[in-house]
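Trainee: here is the input, now give the coordinates:
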Amino acid sequence: MRKLHIAISTNKIEETIKDYSVRLGLEPCSFVENEYALWRTDSLNLSIRQDPSCTQGELRHLGWEDDSAPNFSAEKDVNGITWERFSAQQQADEINELWPQANYQAK
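Mentor: Take a look at the predicted model:
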């Protein structure tokens, strides 16, 4: 199964979490205070990150959560947008490497 992955930057993470939780109808499945949040629905994998190197609301990257991905990969498309491909477990490993306190478990 593949889910579209969208990663967006923010400098208003608490407000963004509240807004997107209402829009998606669920709370984030992973949350790192003042830094990161992740929602996973049946068709979408959406993350937000407090990222001072990006403009608020800027697209950080796109990609696919793909159960058949043998490893994490990333490449740029013709427009310069980075597309990542990863499994749910590979994403959980990355989250836990960046933020060990997250202790996020892929489901």
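Trainee: use CA for all of it now, contacts and neighbours both
Mentor: Will do.
Trainee: helices of this protein, start to end?
Mentor: 13-24, 88-98 (DSSP state H).
Trainee: deepest in the core, which of those is it.
Mentor: Mean neighbour count (mean count of other CA atoms under 10 Å) peaks for helix 88-98 among these, with a mean of 17.
Trainee: who's in contact with that helix?
Mentor: Identification of contacts with helix 88-98 by CA atoms under 8 Å, 6 or more residues apart in numbering yields 65-67, 71-72, 102-107.
Trainee: ok, now with 6 Å
Mentor: Helix 88-98 has contacts (CA atoms under 6 Å, 6 or more residues apart in numbering) with 102-104, 106.
Trainee: equivalent analysis for stretch 46-65, please.
Mentor: With contact meaning CA under 6 Å, 6+ apart, stretch 46-65 is reached by 2-11, 35-39, 82-87.
Trainee: go again using 7 Å as the cut-off
Mentor: With CA atoms under 7 Å, 6 or more residues apart in numbering as the test, stretch 46-65 has contacts from 2-11, 13, 34-40, 81-88.
Trainee: and stretch 76-87, by the same measure?
Mentor: With CA under 7 Å, 6+ apart, stretch 76-87 has contacts from 61-69, 71-75.
Trainee: how far away is the spatially most central residue of the chain from Glu94?
Mentor: Against the mean C-alpha coordinate of the chain, by CA atoms, centre = their mean, the closest residue is Ser47 at 2.8 Å. To Glu94, Ser47 is 13 Å away according to CA to CA, to the nearest Å.
Trainee: same deal with Leu44?
Mentor: From Leu44 over to Glu94 (counting by CA to CA), the distance is 18 Å.
Trainee: again with Cys29
Mentor: 15 Å.
Trainee: same question for Lys18.
Mentor: Distance of Lys18 to Glu94, given as CA to CA: 24 Å.
Trainee: ditto for Asp42
Mentor: Remark: distance between Asp42 and Glu94 (CA to CA) = 21 Å.
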